[in-house]
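>>> Kindly return the folded structure for what I paste below:
(one chain, ligands or ions: 3)
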Amino acid sequence: MATDFKSIPIIDIGPLLAKCDDPKMGQDSGVAQVVKQLDQACKEAGFFYVVLRILFIQFEPMKDGKISIFCFIIFLSVMVWCFVIDQKGHGIPETILKQVKNLTRKFFELPYEEKLKIKMTADSGYRGYQRIGENITKGVPDMHEAIDCYKELKPGMYGDLGKPMEGCNQWPIQPTNFKMLMEEYVSLCTELSRNIMRGIALALGCSPYEFEGERAGNAFWVMRLIGYPGVHSANGSDIPKEDIGCGAHTDYGLLTLVNQDDDITALQVRNRSGEWISAPPVPGTFVCNIGDMLKIYSNGLYESTLHQVINSSPKYRVCVAYFYETNFDTAVEPLDICKERTTGAKKFERAVYGEHLVKKVQTNFVY
Ligand SMILES: NC(=[NH2+])NCCC[C@H](N)C(=O)O
Ligand SMILES: O=C(O)CCC(=O)C(=O)O
Ligand SMILES: [Fe+2]
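Ligands and ions are numbered 1, 2, ... in the order given. Reported below is the predicted structural model:
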């Protein structure tokens, strides 16, 4: 149900995060405002940015060179207060967003043989390193390399359903502290996603906990550390050859958090008339988008929007995408309240998340 959006909205979710553990959060006016913005963004684009903390870009009283001591003291106190809030762990500090991308870049800079030490195979549960062109989208090899990680599935945990994804993540020894940082990052993203999903649940007219318990109380997750080579002019030609870094696709679960490089615009989102709208980097934010399971739950009120990646810059682009999903074995069907809000009829058949994932993974990689 996407519209002809021309840009992707930016939402400051601070007020939602401040109240997200209060069962009465739905009655808070700050939360209500965030929920309204989430609802609109999910209906119109299926994509939005979340700002984790308000940044002071410009201090107004300093603009014309005049500044009173009083204003300056207020300014300093606000800065100190923001610092304290940050230390309390509301939101994810921008330094961690950067570190995760830096370590990812360092890994991709290693020699190919080194990267192959954690090579992905079907036997590794599709966990590990995939070379450029190994991931296939709609029959075409994607011009990216990546490390794919998934929440660990113990042998037999979900019977035959889980079998193809069973395995442990493969972490490189170099760069050092890789595993530790990435695991910390996953737990921060999991918590943040759960909280954003509380806002989305309210936006759909549900209880804030609609996507917990049986549905996503034991949320499965996926993380992809991705590198897209830059373009180079071929044989002295002035026209650089543009490759598709990642072909048009939708994401599979509930909500994706994209932590992209700060200086390259490459991610594009398709609107209703088929135009590709850029999602340029906004430092300190995540680009969030809706996955196939949320499209089903919402009976199409929210869509899992098609997107693709084209890196037409000469620079190598790094992106870390975290995917928050339902429980692995959850059978997803349109929620009653969402059927009422749409045509009344059920637009999608029930789907088991794990089956959907396995089908996708087995067509993405042909081993
Ligand atoms: N898990 C992902 N989101 N992978 C990226 C999407 C590309 C994948 N080959 C697909 O067709 O879906
Ligand atoms: O690189 C990006 O910006 C997005 C990657 C993506 O869409 C994906 O891995 O699903
Ligand atoms: Fe995606």
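>>> Identify, by residue count, the longest helix of this structure.
helix 178-203 (DSSP state H).
>>> what packs against that helix?
Using 3 or more Cβ pairs under 8 Å, 6 or more residues apart in numbering; DSSP states H and E as the contact criterion, the elements in contact with helix 178-203 are helix 14-19, helix 29-44, helix 94-108, strand 221-228, strand 255-260, strand 317-324. (C-beta placed from N, C-alpha, C; glycine too.)
>>> quick one: buried residues of that helix?
178, 181-182, 185-186, 188-190, 192-203 (16 or more other Cβ atoms under 10 Å).
>>> Now do it, average pLDDT.
Taken as a whole, helix 178-203 has an average pLDDT of 97.
>>> how far is the helix or strand just after it from where the chain is centred?
Next in sequence after helix 178-203, counting helices and strands by DSSP states H and E, comes helix 213-216. Centroid separation for helix 213-216 versus its chain: 20 Å, with Cα atoms, centre = their mean, to the nearest Å.
>>> Quick check: Tyr209 touching Met197?
No. Taking contacts as Cβ atoms under 8 Å, Tyr209 lies outside contact range of Met197: 9.4 Å.
>>> Phe211 and ligand 1, how far apart?
The gap separating Phe211 from ligand 1 is 19 Å, by Cβ to the nearest ligand atom, to the nearest Å.
>>> ok, that residue touching Gly199?
No. Assessed by Cβ under 8 Å, Phe211 is found out of contact with Gly199, at 10.6 Å.
>>> coming back round to it: looking at the helices and strands packed on helix 178-203, which is closest to ligand 2?
Closest approach to ligand 2 among those is made by strand 317-324 (3.5 Å; Cβ to the nearest ligand atom).
>>> What strands flank the helix or strand following the closest one, and is each parallel or antiparallel?
On the C-terminal side of strand 317-324, the closest following helix or strand by DSSP H and E is strand 331-332. Strand pairing for strand 331-332, determined by DSSP bridges: strand 351-352 (antiparallel).
>>> which ones are touching the nearest residue to Gly227 once chain neighbours are set aside?
Distances taken as Cβ to Cβ, 6 or more residues apart in numbering place Phe108 nearest to Gly227, at 4.1 Å, with adjacent residues excluded. Residues in contact with Phe108 (Cβ atoms under 8 Å, 6 or more residues apart in numbering) are 115, 145, 227, 316, 318.
>>> Identify the residues contacting the fourth one.
For Tyr316, the set of contacting residues under the criterion of Cβ under 8 Å, 6+ apart consists of 105, 108, 227-230.
>>> Strands of the stretch 1-150 of the chain, start to end?
10-12, 47-51, 128-130, 136-137, 140-141, 145-150 (DSSP state E, counting those that start in this stretch).
>>> Tell me which of those sits nearest to ligand 1.
Across the strands of the stretch 1-150 of the chain, ligand 1 has its closest neighbour in strand 136-137 (3.8 Å, Cβ to the nearest ligand atom).
>>> Any part of the closest one near ligand 1?
Yes. Counting by Cβ under 6 Å from any ligand atom, ligand 1 has neighbours in strand 136-137: 136-137.
>>> That strand: partners in the sheet, and parallel or antiparallel?
Using DSSP bridges, the strands paired with strand 136-137 are strand 140-141 (antiparallel).
>>> Any part of the partner strand near ligand 1?
No. Using Cβ under 6 Å from any ligand atom, strand 140-141 stays clear of ligand 1, with a minimum separation of 9.2 Å.
>>> List of residues touching that strand?
133-135, 244, 247.
>>> mind listing what the closest residue to Gln99 other than its chain neighbours touches?
Leaving aside its chain neighbours, Gln99 sits nearest to Leu181 (6.1 Å; criterion: Cβ to Cβ, 6+ apart). Residues in contact with Leu181 (Cβ under 8 Å, 6+ apart) are 96, 99-100, 103.
>>> now those in a markdown table, with pLDDT, distance to ligand 1 and neighbour count?
Shown next, in a markdown table, are the contacts of Leu181 (pLDDT from 0 to 100; distance: Cβ to the nearest ligand atom, whole Å; neighbours: other Cβ atoms under 10 Å):
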| residue | pLDDT | distance to ligand 1 | neighbour count |
| --- | --- | --- | --- |
| Ile96 | 94 | 22 | 15 |
| Gln99 | 97 | 23 | 16 |
| Val100 | 98 | 17 | 25 |
| Leu103 | 98 | 20 | 21 |
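>>> right, and the pair among those residues with maximum separation?
The distance between the two most remote of these (Cβ to Cβ) is 10.8 Å, for Ile96 and Leu103.
>>> related to what we said a few turns ago, restrict the contacts of Phe108 to those near ligand 1?
Okay, of the contacts of Phe108, nothing touches ligand 1 (Cβ under 6 Å from any ligand atom).
>>> Would you mind listing which of those are buried?
115, 145, 227, 318.
>>> Verify the stated contact: the second one with Gly245.
The one in question is Glu145. No. In this structure, Glu145 is not within contact of Gly245 by Cβ under 8 Å, at 10.2 Å.
>>> picking up where we left off before, could you dump the strands of the stretch 1-150 of the chain into CSV with mean pLDDT added?
Below are the strands of the stretch 1-150 of the chain laid out as CSV (pLDDT from 0 to 100):
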stretch, mean pLDDT
strand 10-12, 93
strand 47-51, 95
strand 128-130, 98
strand 136-137, 97
strand 140-141, 96
strand 145-150, 98
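>>> Distance-wise, check the residue most central in space within the chain relative to Trp276.
The centre of the chain sits closest to Leu257, judged by Cα atoms, centre = their mean, with a distance of 1.8 Å. As judged by Cβ to Cβ, to the nearest Å, Leu257 and Trp276 stand 21 Å apart.
>>> Kind regards, and thank you for your time.
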